[in-house]
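>>> Provide a 3D model corresponding to the input given below.
(chains A, B and C)
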Amino acid sequence: MVKSVPSTKEAYELFHKGALALQRAEYTGMRVDMEYCKRKKEELTIRIAELEQKIYESNFGKKWSRSIGGKRPNLNSNPQLSRFLYSILKLKPVRFTESGQPATDEEALSELDIPELDMLLEMRKFRKIRDTYLDAFMREQVNGYIHPFFNLHLTKTFRSSSDSPNFQNIPKRDKEATKICREALFPRPGHQFVSMDYSAIEVKMAVCYVEDEKLCYDVLHGDMHKDMAIELYMLDDLDKRHSGEAVLRQGAKNGFVFPQFYGDYYGNCVLNLLKWARQAYLKDDTPALVHLKDKELITLDKSGNVKKFDKFLEHVRKVEDQFWNVRYKQYSRWKDKVWYEYQKKGYIEMKTGFRCYGLMSKKDITNYPFQGTAFHCLLWAFVEIDRVFREHKMDSRLVSQIHDEITADILPEECDNAIKLMVRIATEDIRENWKWINIPLTVEVEKAEVDKSWGERKFLNLP
DNA sequence: GGAACTCGCCAC
DNA sequence: AAACGTGGCGAGTTCC
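Numbers count the residues shown, from 1 in each chain, chains lettered A, B, ... in the order given. Down below sits the predicted model:
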């Protein structure tokens, strides 16, 4: 049990003021288009039923039914699905869950290459949208507005959480899910949404703690994801404007750099890297997997699938070693230092004055400070923006916060001024308040048109 | 009939 | 030797 407390007056005050500012955002809330939700739910229900029907009528569905004594299979029951796939059909599970059961998640099912399972996955997606998001909006709305809670007392890291409904996990990556969910939410009539998010704030916090020259340089001037893609995939160079090579950079970023910073190891990373490589190709149209074969890192079978990758595994191990012991060696020393100090004192302390006590792993110790402190920057800006909006008697309001992002419901006449204030507070004023921020903070701003939903924000180029 | 659990999946 | 940080929540299942 990790027990955490604000240990300084300043830390206490941040959360005290933060709770009040967040409460005002909760009070304002977001408008829900109830008719839209109803309509979308009906559409989804039909699409789910169609998919269900197709699966029931297929040979796959009939076999499944026979295996449970002729009953209708429950397509939402993973234990039932698992018994059918892995005990009856004797398929080989690609992965096991934490508790040792064969996995039935998206990755495992799509690997089996059965059309009915792809339908089942699509059903799952539609159900998720309908039952987790649209239902929650309709259930939680009061007079047409949802008022999500933003909690400051629940996380180990001094981040926030949200519930009723959780406003911090609304789809943003899957295009269809994003559109359906976010187009249900609107600002107050005659207003427009503006949102502002910090760029790479967690790694910038790492720079503030660690004082690693190479990391600082990379964050400000370099491109570590490109560098790592070149090393990991053994490229001569990488052009991130080229769509095929951009995928390799993404692969290095999401398959190696981020997991490494969270504490993952090369054995998992190598699998991530291969997954990304499957859909990537080089400028001369060589598929990335063929390129890796040419470099003698992997071997391929006749259909072009990866057969052996032990050389690649060894290569990624070396890159990992280089990454921590050469490239970011000061970062590694910092980790050792805080680990030692935690063992001596029994707690860790953040720059913002919050302390985490209790049993923690080395990975925890070296992640919590960045995660917590990054959020504290956001919360400080949130408090200030809220204060200034009220001080200027503006009609604009803050309405939500997602760890490194703030969303505001803005009166159009106030829009330009509001954006100026928000950006200034988040990037300049904050550095006056916290002198230990030794690296420039930058934000990206998005703005929707008046009366447009949360799904229709457009990127705004700052002057 | 509800509590506690697992699994899967959404966000940062 | 093992190996990914922080949350919330819905559905199904099991246990009491």
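>>> from here on, contacts and neighbour counts on C-alpha atoms
Noted.
>>> for chain A, longest helix please?
In terms of residue count, the longest helix belonging to chain A (DSSP state H) is helix A:362-391.
>>> next, the buried residues of that helix.
Buried residues in helix A:362-391, counted by 16 or more other CA atoms under 10 Å: A:365-386, A:389.
>>> can you check stretch A:127-142 too?
Residues of stretch A:127-142 classed as buried: A:127, A:129-130, A:133-138, A:140-141 (neighbour count, 16+ other CA under 10 Å).
>>> end-to-end on that stretch?
Stretch A:127-142 stretches 24 Å from its first residue to its last (CA to CA, to the nearest Å).
>>> is that stretch positioned near DNA strand C?
Yes. Using CA under 7 Å from any atom of the strand, stretch A:127-142 reaches DNA strand C at A:131-132, A:136.
>>> out of these, which is nearest to residue A:314?
Among the residues of stretch A:127-142 next to DNA strand C, residue A:132 lies closest to residue A:314 (CA to CA), at 42.3 Å.
>>> tell me the first helix or strand C-terminal of the longest helix of chain A.
Next helix or strand after helix A:362-391 toward the C-terminus (DSSP states H and E): strand A:397-401.
>>> give me the mean pLDDT for that following strand.
Strand A:397-401 shows an average pLDDT of 95 in the prediction.
>>> next: stretch A:151-164.
The predicted model assigns stretch A:151-164 a mean pLDDT of 88.
>>> looking at the buried residues of stretch A:127-142, which one is closest to DNA strand C?
residue A:136 (5.5 Å; CA to the nearest atom of the strand).
>>> contacts for the helix or strand that closest one falls within next, please.
Residue A:136 belongs to helix A:135-140 when assigned by DSSP H and E. Helix A:135-140 is contacted from outside by A:32, A:34, A:37, A:146-147, A:164-165, using CA atoms under 8 Å, 6 or more residues apart in numbering.
>>> how about 10 Å then?
Residues from elsewhere that reach helix A:135-140 (CA atoms under 10 Å, 6 or more residues apart in numbering): A:30-35, A:37-38, A:41, A:128-131, A:133, A:144-148, A:164-167, A:181, A:184-185.
>>> repeat for stretch A:72-80
Contact with stretch A:72-80 is made by A:52, A:55-56, A:61-68, A:81, A:84-85, A:101-105, A:120, A:123-124, A:127, as judged by CA under 10 Å, 6+ apart.
>>> of those, grab the buried ones for ChimeraX.
Selecting only the buried entries of these in ChimeraX, with 16+ other CA under 10 Å as the criterion:
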select /A:52,55,56,61,62,63,64,65,67,81,84,85,102,103,104,120,123,124,127
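>>> re earlier: do the helix holding residue A:136 and DNA strand B meet?
No. Residues of helix A:135-140 are not located near DNA strand B by CA under 7 Å from any atom of the strand, the shortest gap being 13.3 Å.
>>> now that helix: average pLDDT?
90.
>>> please save the CA atoms from it in PDB.
The C-alpha trace of helix A:135-140 is given here as PDB (Å, rounded to 0.1, in the frame of the first residue of the first chain):
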ATOM      1  CA  ASP A 135     -24.700   4.700 -21.900                       C
ATOM      2  CA  ALA A 136     -22.600   6.500 -19.300                       C
ATOM      3  CA  PHE A 137     -23.300   9.900 -20.800                       C
ATOM      4  CA  MET A 138     -27.000   9.300 -20.800                       C
ATOM      5  CA  ARG A 139     -27.000   7.800 -17.300                       C
ATOM      6  CA  GLU A 140     -24.900  10.500 -15.700                       C
END
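>>> buried stuff in stretch A:281-296?
Quick answer for stretch A:281-296 (16+ other CA under 10 Å): A:281-282, A:287-293.
>>> swap in stretch A:87-96?
Judged by neighbour count (16+ other CA under 10 Å), stretch A:87-96 contains these buried residues: residue A:93.
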